[in-house]
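just coords:
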């Protein structure tokens, strides 16, 4: 849908102007929606390393990725841009950087997706043989999505101190600032709304695009925090289906036969990769080093509010608290994650089990 808004706003603004306008709106929405969950004092005092991670990911996502993708959306078709956006680049980069487990199935399906992009971009057959007609917009979209994929993988670079709402607000805020500075350095000046068209519709489109932007950034950070990069990246291929529908509905862009085949190859490889991988293997439990070591770890984590308690009836019996670890939950409540062990030697308090301060 952001591709559709990029094409619509291109009639009145430059690419950089429309990106920083909708990103600035996204920042305002993030501050309002996540205001109670953002610890501004902590954000301002966090170390240089964490600021560096935020800046690098923001530059990749907005200054490079979003700007180039918005440019590509004005050159190529909505269908092509969406299908290229559906490439499992996150999976490919995860394999190349050894961030995920490398298997023959993953390599085959990622290479198959590259073949799908080749077909999507256009292959012609003539007397001189096969020729590849790369669309300039397709190449720009591919570079943009590569930068975005690296930014997505960068979710693991953050330490546990920042939560997803804080990362989202910082990303869209710095993104709007960076793109605005880029626009001014290019001599584009301040945005001038077009004389034609309704201002209400124009600013309404910017507002909706901003809301979609903040939702997209938040869900990306949340998803890549909890899901394996290969599976998270492949879920993004659903975008190609919407790209086909939006291209037909809004712009009557009917994809070519090779484009349809290429899109099917991309989606098919993504689905096949998930099916081939199956469920991720469970981590092996460490062998006890001594007869007195705690054995048979219960595969369950119980979270309780820091300083509070929970009924002992919620614990598997017999059980005892063996370890504490601070853990920021997606709901931004500071909680303590407690690992439970079956076959504990000490009985638990019959009424309540209370949390403790943990380092």
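Sure, I can see it. What you see is a predicted model, and the numbers here were worked out from it, not measured in a lab. Numbers count the residues shown, from 1 in each chain.

Scan this protein for its longest helix.
When the chain is parsed with DSSP state H, its longest helix is helix 199-226.

Give the other helices and strands that that helix contacts.
helix 2-9, helix 15-34, helix 136-153, helix 164-185, helix 229-235 (3 or more CB pairs under 8 Å, 6 or more residues apart in numbering; DSSP states H and E). No exception for glycine: its C-beta is placed from N, CA and C like everyone else's.

Break this structure into its domains for me.
2-277, 297-354 (automatic domain parsing).

With adjacent residues omitted, what lies nearest to residue 223?
Leaving aside its sequence neighbours, residue 223 sits nearest to residue 232 (CB to CB, 6 or more residues apart in numbering; 5.0 Å).

Contacts only, for that neighbour.
Applying CB atoms under 8 Å, 6 or more residues apart in numbering to residue 232 gives the contacts 90, 152, 223-224.

Now for those: which two are most distant?
Using CB to CB, those span at most 10.5 Å, a distance reached by 90 and 223.

before we move on, the earlier item: among the domains of the chain, where is the model least confident on average?
Here the lowest mean pLDDT among those goes to domain 297-354, at a mean of 40.

In contact with residue 113, which residues?
Residue 113 is in contact with 87-88, 92, 265-266, 269-270, counting by CB under 8 Å, 6+ apart.

a markdown table please, covering the helices and strands packed on helix 199-226 and showing distance to residue 48.
Shown next, in a markdown table, are the helices and strands packed on helix 199-226 (distance: least, CB to CB, whole Å):
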| stretch | distance to residue 48 |
| --- | --- |
| helix 2-9 | 32 |
| helix 15-34 | 22 |
| helix 136-153 | 19 |
| helix 164-185 | 14 |
| helix 229-235 | 26 |
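
right, so of those helices, which gets closest to residue 63?
Among the helices and strands packed on helix 199-226, the nearest to residue 63 by CB to CB is helix 164-185 (4.6 Å).

what angle separates the closest one from helix 15-34?
Computed by axes from the mean of the first three to the mean of the last three CA atoms, to 10 degrees, the angle separating helix 164-185 from helix 15-34 equals 160 degrees.

which one of the contacts of residue 232 has the most neighbours?
Of all these, the highest neighbour tally under other CB atoms under 10 Å goes to residue 90, namely 27 neighbours.

Which helix or which strand is home to that residue?
Under the criterion of DSSP states H and E, residue 90 resides in helix 89-96.

From the contact counts, what lies against that helix?
Contact partners of helix 89-96 among helices and strands, from 3+ CB pairs under 8 Å, 6+ apart: helix 104-121, helix 136-153, helix 229-235.

got the buried residues for it?
By neighbour count with 16 or more other CB atoms under 10 Å, helix 89-96 contains the buried residues 89-95.

Going by neighbour count, list what's buried in stretch 142-152.
Across stretch 142-152, burial judged by 16+ other CB under 10 Å covers 142, 144-152.

Give me the contacts around that stretch.
If you take CB under 8 Å, 6+ apart as the criterion, stretch 142-152 is touched by 57-58, 60-61, 64-69, 71-72, 84-85, 87, 89-90, 92-93, 117, 220, 224, 229, 232-233.

6 Å instead, please
By CB atoms under 6 Å, 6 or more residues apart in numbering, the residues outside stretch 142-152 that reach it are 57, 60-61, 64-65, 68-69, 84-85, 89-90, 93, 220, 224.

Can you tell me how far residue 182 is from residue 156?
27 Å (CB to CB, to the nearest Å).

ok, now residue 116?
27 Å.

When the two are compared, which one has more neighbours?
Using other CB under 10 Å as the criterion, residue 116 and residue 156 rank with residue 116 on top: 26 against 11.

Now do the contacts for that one.
By CB under 6 Å, 6+ apart, the contact set of residue 116 is 262, 265-266.

And those, which is closest to residue 108?
After measuring these against residue 108 - CB to CB - the closest member comes out as residue 265, at 12.4 Å.

residues touching that closest one, list them.
Contacts of residue 265 (CB under 6 Å, 6+ apart): residue 116.

quick check: angle from the host helix or strand of it to helix 89-96?
Per DSSP H and E, residue 265 falls inside helix 257-277. Angle, helix 257-277 to helix 89-96, by the same axes, to 10 degrees: 50 degrees.
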